[in-house]
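K.L.:
Coordinates only, no sequence provided:
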């Protein structure tokens, strides 16, 4: 199994502290939703799917922390926590989605105790669904990967950007699970270096052959036919087919097309 970025365990949220990677694989434990909010804000956890589930877990902690006796008081407490969590990354669509999904469940419950139980179970289910969705996506994507392919990646769209398994890297994982021999060339992905700090780390952790190159070496790599396929993440995909992703993706796309 790939790295588990965020999970619920015995009434607490366990996360990998991604600010410590790749030098140290450190797990942190949170029992207060304010700690989860700070973790999102300071990039302890990052990646759209992981942030969405982390927000849901934050609200689950807020429900357990609340001393509300009535449904109305509990929903009010959760609304306050939702505002704090949302403000950590207001542009993260997955975060808004995760928070709103938990609020919908809370509003549908009959009393405070049912809210506590139901929001925890819903958040846990969201985490499980994320992994299942990624595995399905990976299996679909692996059809374009051939045996002995070398795949270029940019940024990090792996297990560390999700609850586990990964989106773009999920395709590579699924290809390896199919028995294909795969090599990966990862870009550093400046300025925050998600490629060198995260992608290279997790591929090495999972025993997948990975080499690291500077962002400026993409042209050389493609010109010398060192790559067969390119897979990148997508923060958003428009109806027009345009893709929003990490800075540097545009030049990779232009070089790939050329």
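P.N.:
Cool, got the structure. This is a predicted model, so every value here is computed, not measured. Numbers count the residues shown, from 1 in each chain.

K.L.:
Now the element after the longest helix that the chain contains, going C-ward?
P.N.:
Counting by DSSP state H, the longest helix found in the chain is helix 112-141. The C-terminal neighbour of helix 112-141 among helices and strands, as given by DSSP states H and E, is strand 150-154.

K.L.:
Residue 51 is in contact with residue 89, correct?
P.N.:
Yes - judged on C-beta atoms under 8 Å, residue 89 makes contact with residue 51 at a distance of 6.1 Å. Quick note: C-beta positions are derived from backbone N, CA and C, even for glycine.

K.L.:
okay, those two: which has more neighbours?
P.N.:
Between residue 89 and residue 51, residue 51 has the larger neighbour count (other C-beta atoms under 10 Å), namely 27 against 20.

K.L.:
in the helix or strand hosting the more buried one, what's buried?
P.N.:
Secondary structure from DSSP H and E places residue 51 in helix 48-65. For helix 48-65, burial by neighbour count (16 or more other C-beta atoms under 10 Å) applies to 48-63.

K.L.:
Just flag the most distant two among those.
P.N.:
48 and 63 (23.5 Å; C-beta to C-beta).

K.L.:
pLDDT below threshold where in this protein?
P.N.:
Flagging of the chain using pLDDT under 70 yields the residue ranges 1.

K.L.:
can you pull out the strands in it?
P.N.:
6-9, 12-16, 27-30, 150-154, 183-187, 209-213, 229-232, 236-237, 243-244 (DSSP state E).

K.L.:
between those strands, which one is nearest to residue 131?
P.N.:
Each of the strands of the chain has some distance to residue 131 by C-beta to C-beta; the shortest is strand 6-9, at 10.1 Å.

K.L.:
List the contacts of the closest one.
P.N.:
13-16, 45, 50, 53-54, 57, 60, 120, 123-124, 127, 163 (C-beta atoms under 8 Å, 6 or more residues apart in numbering).

K.L.:
Give the buried residues for stretch 110-125.
P.N.:
Buried, per 16+ other C-beta under 10 Å, within stretch 110-125: 112, 115, 116, 118, 119, 120, 122, 123, 124.

K.L.:
ugh, wrong one, stretch 20-28
P.N.:
Buried residues in stretch 20-28 (16+ other C-beta under 10 Å): 21, 22, 28.
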